[in-house]
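Undergrad: no FASTA, just this:
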């Protein structure tokens, strides 16, 4: 898919990986609609990207709000060609911790945002993408890129909820790609390793350096821009479909 002139929704687009994806895709000529709960950061992103971008405050787990959001996209842009799901949370807790049992409420919240939120957005997006009329020379009506994590495969102690949620995102990739193939919609998932997100950048430099040294090569934290570049390549490479790509510098996480 050529990115120029396409309409792409990015959840979690106000910061971190979502913001990097928004910047990259907008620079390639896409119209990006950033859906995020953080209004301040979202409006700052919209101002930074200018007319190529729009910010909409949205809870991805709210079905009615999601339906209204995609109706807005259809009314304003007349089409939808891409969805990049980056919205998610990553709390950590042990099943048998010092403060007692792992909270069932927290476990359910992680699954609700990371799995149900991802699925909620992609199902509404797929409906709108399927209506796109292919132009001469085009193969794809739409491209969906979900975000998992290496925790889906190498979950560490304290990551039961997070690993379960990202494992679910990875597992749904192939069945979704198989089903949506009839509508010329591709589905891919990226599983990042240790990323240089705002949370990690707030840690002391020696901690950041130590985390980076865990990566075989290159021995550093991954940059959000590298995630964004991979997302851009997925859009442009029409034969990428139904796969989970690890973006991790060959790291395999230790138990803790």
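TA: Perfect, thanks for sending it. Being a predicted model, the structure only gives us computed values, none of them experimental. Numbers count the residues shown, from 1 in each chain.
Undergrad: any chance you could map the helices in the stretch 51-200 of the chain?
TA: Using DSSP state H, counting those that start in this stretch, the helices of the stretch 51-200 of the chain run over residues 63-77, 104-111, 117-129, 151-154, 160-171, 173-180, 198-201.
Undergrad: Can you point out the buried residues in stretch 182-197?
TA: Neighbour counts using 16 or more other Cβ atoms under 10 Å place 184-197 of stretch 182-197 among the buried residues. For the C-beta atoms, the positions are set from N, CA and C on the backbone; glycine is no exception.
Undergrad: Sort out for me which of the residues you listed are in strands.
TA: Members of the buried residues of stretch 182-197 lying in strands (criterion: DSSP state E): 185, 186, 187, 188, 189, 190, 191, 192.
Undergrad: Go ahead and confirm the last one touches residue 248.
TA: Yes: the pair residue 192 and residue 248 qualifies as a contact (Cβ atoms under 8 Å) at a distance of 6.8 Å.
Undergrad: so what's in contact with those two at the same time?
TA: 150, 222 (Cβ atoms under 8 Å, 6 or more residues apart in numbering).
Undergrad: from memory residue 10 sits against residue 30, does it?
TA: No: contact criterion Cβ under 8 Å: residue 10 and residue 30 do not qualify, at 9.7 Å.
Undergrad: neighbour-wise, which of the two wins?
TA: Legend: neighbour count by other Cβ atoms under 10 Å for residue 10 and residue 30, higher for residue 10 (31 against 25).
Undergrad: Confirm that that one sits in a strand.
TA: Yes: looking at residue 10 with DSSP: H, G, I helix; E, B strand; the rest coil, it is inside a strand.
Undergrad: Quick check: closest non-adjacent residue to it.
TA: Nearest in space to residue 10, with sequence neighbours left out and distances taken as Cβ to Cβ, 6 or more residues apart in numbering, is residue 84 at 4.5 Å.
Undergrad: For the one you found, grab the count of nearby residues.
TA: Residue 84: 32 surrounding residues under other Cβ under 10 Å.
Undergrad: Repeat that for residue 221.
TA: For residue 221, using other Cβ under 10 Å, the count is 21.
Undergrad: can you pull the contacts of it?
TA: By Cβ under 8 Å, 6+ apart, the residues touching residue 221 are 194, 195, 196, 200, 208, 211, 212, 215.
Undergrad: Give me the pLDDT value at it.
TA: pLDDT recorded at residue 221 is 93.
Undergrad: and if you look at residue 35?
TA: Looking at residue 35, its pLDDT is 98.
Undergrad: same question, the one 3 residues further on
TA: At residue 38 the predicted local confidence, pLDDT, stands at 97.
Undergrad: same deal with the one 10 residues further on?
TA: What the model reports as pLDDT for residue 48 is 95.
Undergrad: go on, residue 206?
TA: Reading off the model, residue 206 has pLDDT 81.
Undergrad: For the residue nearest to the spatial centre of the chain, which residues are in contact?
TA: When Cα atoms, centre = their mean is applied to the chain, the residue found nearest the centroid is residue 86 (2.4 Å). Counting by Cβ under 8 Å, 6+ apart, residue 86 touches 10, 11, 12, 13, 16, 17, 18, 21, 147.
Undergrad: Tell me how far it lies from residue 192.
TA: In this view, residue 86 and residue 192 are 10 Å apart by Cβ to Cβ, to the nearest Å.
Undergrad: Return every residue with contacts to both of these two.
TA: 17, 147.
Undergrad: got a list of contacts for stretch 176-185?
TA: 122, 126, 129-130, 134, 139-144, 186-188, 241-242.
Undergrad: switch to 7 Å and redo it
TA: Stretch 176-185 has contacts (Cβ atoms under 7 Å, 6 or more residues apart in numbering) with 126, 129-130, 134, 139-142, 144, 186-187, 241-242.
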